[in-house]
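**Q** Got a predicted structure plus its sequence, pasted below:
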Amino acid sequence: MTMAATSHDTPVETAEHHARKQPDRTFWLLAPGALWMLLFLVAPILMMVYVSFWTQTTFKIEPTLTLKSWVTFFSSDTYLGALWTTVRIWLIVLVCTLLVGYPAALFVGLFVKNKTLSTALLVLCVIPFWTSFLIRVLAWRPMLGKEGAINMILMKLGVVTQPIEVLLFSELSVIIGMTQIYCVFMVGPIAFMLGRIDPSVIEAAQDLGASFWRIFRTIILPLSMPGVVVGAIFVSVMVLGEFATSAALSGRKVNLLGNIIVTQVGSLKWAFAAVAGVVLTILMGAVVAALLRVVDLRKEL
Amino acid sequence: MNASGIKVSLGLYTALFIIFLYGPLAVLAILSFQTGPEGGPQFPIIEWSTYWYKHLFGLTPPSRIAPLPIEQALVRSLGLAVMTMIVSTVLGVTAAQAFRKKFRGSGVVFYLIVLGMMVPGVLVGLGMALVANALGIDRHWWGTAFVLHVVYTFPFAFLVMLAIFNRFDPSVEEASWSLGVTPARTFRKITFPLIFPGVLSAMLFAFTLSYDEFSRTLFASGRDLTLPLAIYGTFSVEVHPNVFAFGVLTTLFSFALLGTYAVLMALSVRRAKRMAIQEEA
Amino acid sequence: MSSVLQLKNVHKAFAGVPALSGIDATLADNAYISLLGPSGSGKTTLLRVIAGFEQPDGGEILFAGKRVDSVPPHERGIGFVFQNFALFPHLSVAQNIAFGLENRVVDPVTDPKVVAARVRDIISLVGLSGLEDRATTQISGGQKQRVALARTLVTEPSMVLLDEPLGALDANLRMRMRSELRTIRERCGVTFLHVTGSETEALAMGDTVLVLDRGRIAQSTDAGSLYSRPASADVARFLNCYNIFSGTVEGEGFHSPVGMLALGGSRQASGTPAYAIRYDRVSIRPQDAAAAGDEVRIEGSFVASEYSGAAINSFFTLDDGRVFEVETHLSHVAPTAYEERGRYALVWKREDALVFV
């Protein structure tokens, strides 16, 4: 009797053990990565929020909670100006990348019927992404400078007699630089979405006598919208966190929130930097959340 | 305007667009051959020379223009990129492996990982500097900066591997188990060789992104500069063509890396093809 | 006859939807067993539960007398042949076959000479000689099937599960592989559990046929008995060789939509009452021909006939609109041409009908 009971119990136990093993395996596979992100991504961001309420003295911060840094931020023309500049540059660059990138995406994704050629063109667009970001930013200096390539060409052609000085070390140069660097992230997703359009739909519309503009408005544009939104998310996230392009091309004339953070850290004003960081985080969260309402990123990718 | 007219004008536009993408780099490359040390970073080219390349390696007589501090920085950047590549590829493969099974909370974990590539470097860098200050930890490129590099590149490796596993047929693994082979050995002998092209892509992503990273490194690496930080340092001072020469070299290095990757991929495709040809012979 | 595998009340559900609802079965050692079921009957799930790829929610699985439902797949010693073959694409034919021998956790073969010898033996057994060094992407479907089989058999499992192994092959090859599978199994002396959705395949191959219906074993018997004595109307329907009428038994007759059918033979207890007559038990006679006393007679209009080698299948519409099929073996009678839309008498012996009550 006892024997029978024992021999029956053991397998039941192992069965339960094995059933538990599957979730365990998933847990241990995920634990290192998730822990890494919690410790080195989530914790630093929370720390930043926390420190924004610390007390800032001349060269150090003390963990006495205060709203002083926040009050300073929102009563300072410099900081509010930086916030406004960030929003303005972001919007302008977003529109520019879309305007500059969309026609190229239209050609690569829709008009090039040859798959190899369209892949080659996309690769050609992506290759600069593999080279140094800072070098690409810096490359605009000899392009836009007073004695730069563009001024030289314009003068040779006789379009202008004096070099255009506003090209470099201005808001314009920052916008040109950012547009060039980030428009690839707009072209990629849009070309991808356009590539999925069934060409026979467009041919059918043409056969029915629809003009190109009409086809564009009623078929191409709506079908490419998810690509536009995904591209907009990429560009927004990168432009909002920028500081290098403005540091390289604006001659300190354009101060983004990112530049504020860099200067504040440079002068050991950690609490102010943290406030600017939190403001930037909130701004970015709002932008991404708004764009994600338009399209489900996980589904489209 | 008819369809072919639109096609031609869009084609011309795309050509201009590609000039827009590559033009500045081309100008930079041309100016890197400016004569030195008197020639500046602008047109016209006074005389073609490789002076600034020699200057970069300290092969020119001393002049008022200080050489770029790249030697140490290059070693650090390469070391950092290799460390980052190894760790983020391992994390990416294991996390993507976990995602092959449905589990509760997968959405939260997915966004937690992807957040790493979305949050701007300046924010994570600042946060990490604050944490290090609070804990009294010294900031180093191999410590605080390294963990942030992984935070940035691990999501890329994860997404690449996720895409690879999406197309992976799990029945070959089950076949191996049913032959009496343990899951661990099955992974090593069956799964890994089959996902290797994906692993290679993940490694390329991680290496390149880390090698080029500067905004996280800026706050988190302490006093020792990495290569991108050395370049960033020149932003606030007068730029000389030696930076352009360096830009050409580092671009060539990136292309060499891409080329190596392409060769490795082609080799693995060729190996499969060679077995196919053997059969036909 | 000893048994190799026993299933006791095995349950499995996916997200609350039951796939297996209480499977009880005992599989004989050294036998060819077919598992027949329509799509969605849970047959692949059952196979995956036996192999250990899926965990049962309840019940017991005993393999070679030992309980295995908590044992991981690689420790079970049960072979599995996949419908898509699941060959290792980065290994050659010979490497695929040697893989299990070299890498298994229990008793791996480390001597390359022994591996080579055993691979050679199994390759000649399944008829793959000369293809050893080919890539798996460059052999035909039938050859892939043999590699998948050889890869499993070389590890000498006492049982092999085959998940629709012929499903990916073309019709010609399927017929040839049927007899080869049986021959190979006999030579190896292992139990094959062959899952299929094709009733002809199940009947042709299995020493025993298990019929799976909605997560339950509906019948388990030899092929001949299954064909002539299906246990229920549903099983008869899967066999695809019975005309089935629903209705009720009233005294000595079966009340069907086409009228009263006189009863003569035995009756079987089954869930739902039904009357089934096999296609090849029916004879077609002119409308005015009289039926004998022990015969059942209905009428139908001829629609079309289909010639399939040794037999002709003729289709009639009955008065309620249903299609009635008759199979006439040409070895018995010469083919007759029927008049389209003409009325004919369809007649069978009372005791040939199966009556489920």
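**A** Here it is on my side, so go on.
**Q** Please, where are all the helices along the stretch 51-200 of chain B?
**A** Using DSSP state H, counting those that start in this stretch, the helices found in the stretch 51-200 of chain B span residues B:51-56, B:70-98, B:106-118, B:121-135, B:146-166, B:171-178, B:183-186, B:192-212.
**Q** in a helix, that's where C:F302 is, yeah?
**A** No: under DSSP: H, G, I helix; E, B strand; the rest coil, C:F302 sits outside any helix and is assigned strand.
**Q** how close does it get to chain B?
**A** Going from C:F302 to chain B by CB to the nearest CB, to the nearest Å gives 48 Å. C-beta: built from backbone N, CA, C; applies to glycine.
**Q** which residues touch the closest residue to that residue other than its chain neighbours?
**A** Using CB to CB, 6 or more residues apart in numbering or on different chains and skipping the chain neighbours, the partner closest in space to C:F302 is C:Y338 (4.3 Å). Contacts of C:Y338 were listed using CB atoms under 8 Å, 6 or more residues apart in numbering or on different chains, and they are C:I284, C:F302, C:S305, C:S314, C:Y344.
**Q** Most neighbours among those, which one is it?
**A** Within these, most neighbours by other CB atoms under 10 Å in any protein chain shown means C:S314, with 23 neighbours.
**Q** Regarding that one, what is its secondary structure?
**A** strand.
**Q** correct me, but it touches C:F324?
**A** No: assessed by CB atoms under 8 Å, C:S314 is found out of contact with C:F324, at 9.1 Å.
**Q** what's the helix or strand hosting B:G259 packed up against?
**A** Using DSSP states H and E, B:G259 maps to helix B:241-280. In terms of contacts (3 or more CB pairs under 8 Å, 6 or more residues apart in numbering or on different chains; DSSP states H and E), helix B:241-280 is packed against helix A:133-138, helix B:3-31, helix B:51-56, helix B:192-212, helix B:227-234.
**Q** Would you double-check that C:Y275 falls in a helix?
**A** No: if the criterion is three-state DSSP, then C:Y275 is strand and not within a helix.
**Q** how about stretch B:111-123: buried residues?
**A** The neighbour-count check on stretch B:111-123 (16 or more other CB atoms under 10 Å in any protein chain shown) flags B:L112, B:I113, B:V114, B:L115, B:G116, B:M117, B:M118, B:V119, B:P120, B:G121, B:V122, B:L123 as buried.
**Q** Over to stretch C:254-267?
**A** Neighbour-count burial for stretch C:254-267 flags C:F254, C:S256, C:V258, C:G259, C:L261, C:L263, C:G264 (criterion: 16+ other CB under 10 Å).
**Q** Please report phi then psi for C:C188.
**A** phi -90, psi -20 (degrees, to the nearest 10).
**Q** what about stretch B:9-18, near chain A?
**A** Yes: judged by CB under 8 Å from any CB of the partner chain, stretch B:9-18 comes into contact with chain A at B:L10, B:G11, B:Y13, B:T14, B:F17, B:I18.
**Q** Can you check those residues and name whichever has the most neighbours?
**A** B:F17 (24 neighbours).
**Q** So that one is in contact with A:A105, correct?
**A** No: the criterion here is CB under 8 Å, and B:F17 misses it with A:A105 at 9.6 Å.
**Q** domain assignment for the chain?
**A** Chain wasn't specified; assuming chain A. Structural domains annotated on chain A: A:1-36, A:65-300, as defined by automatic domain parsing.
**Q** Sorry, I should have been clearer: chain B.
**A** Domain assignment for chain B by automatic domain parsing gives B:3-56, B:70-239.
**Q** Pull the number of nearby residues for B:G105.
**A** For B:G105, the neighbour count with other CB under 10 Å is 11.
**Q** typo on my end, it should be A:G109
**A** 25.
**Q** Can you name the residues of the stretch 51-200 of chain A sitting close to chain B?
**A** Counting by CB under 8 Å from any CB, the residues of the stretch 51-200 of chain A near chain B are A:51, A:100-101, A:103-104, A:106-108, A:111, A:121, A:124-125, A:127-128, A:130-136, A:138-143, A:145-149, A:152, A:180, A:184.
**Q** Mark which of those are buried, thanks.
**A** Neighbour-count burial (16+ other CB under 10 Å) applied to those gives A:51, A:100-101, A:103-104, A:106-108, A:111, A:121, A:125, A:127-128, A:130-136, A:138-143, A:145, A:148-149, A:152, A:180, A:184.
**Q** show me the contacts for residue 139.
**A** Picked chain A for this. B:P24, B:L25, B:V27, B:L28, B:G247.
**Q** that's the wrong chain, I wanted chain B
**A** The neighbours of B:R139, taking CB under 8 Å, 6+ apart as the test, are B:M128, B:A129, B:A132, B:A145, B:F219, B:A220, B:S221, B:G222.
**Q** make it 7 Å
**A** Residues in contact with B:R139 (CB atoms under 7 Å, 6 or more residues apart in numbering or on different chains) are B:A129, B:A132, B:A220, B:S221, B:G222.
**Q** Check B:N242 too.
**A** With contact set as CB under 7 Å, 6+ apart, B:N242 has these partners: B:W52, B:H55, B:L56, B:I65, B:L68.
**Q** please redo it, this time with the cut-off set to 8 Å
**A** B:G36, B:W52, B:H55, B:L56, B:I65, B:P67, B:L68.
**Q** Then C:V49?
**A** Contacts of C:V49 by CB under 8 Å, 6+ apart are C:V10, C:K12, C:L20, C:Q55, C:P56, C:I61.
**Q** 6 Å - rerun?
**A** Contact analysis of C:V49 by CB atoms under 6 Å, 6 or more residues apart in numbering or on different chains lists C:K12, C:P56.
**Q** Just the CA trace of the helix or strand encompassing C:Q145, in CSV.
**A** Using DSSP H and E, C:Q145 falls within helix C:141-153. In CSV, the C-alpha atoms belonging to helix C:141-153 read as follows (Å, rounded to 0.1, in the frame of the first residue of the first chain):
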residue,chain,number,x,y,z
GLY,C,141,11.3,15.5,-52.0
GLY,C,142,11.4,11.7,-51.9
GLN,C,143,15.1,11.7,-51.1
LYS,C,144,14.6,14.3,-48.3
GLN,C,145,12.0,12.0,-46.9
ARG,C,146,14.5,9.1,-46.8
VAL,C,147,17.1,11.3,-45.2
ALA,C,148,14.7,12.3,-42.5
LEU,C,149,13.8,8.7,-41.9
ALA,C,150,17.4,7.5,-42.0
ARG,C,151,18.5,10.3,-39.6
THR,C,152,15.9,9.0,-37.1
LEU,C,153,16.4,5.2,-37.7
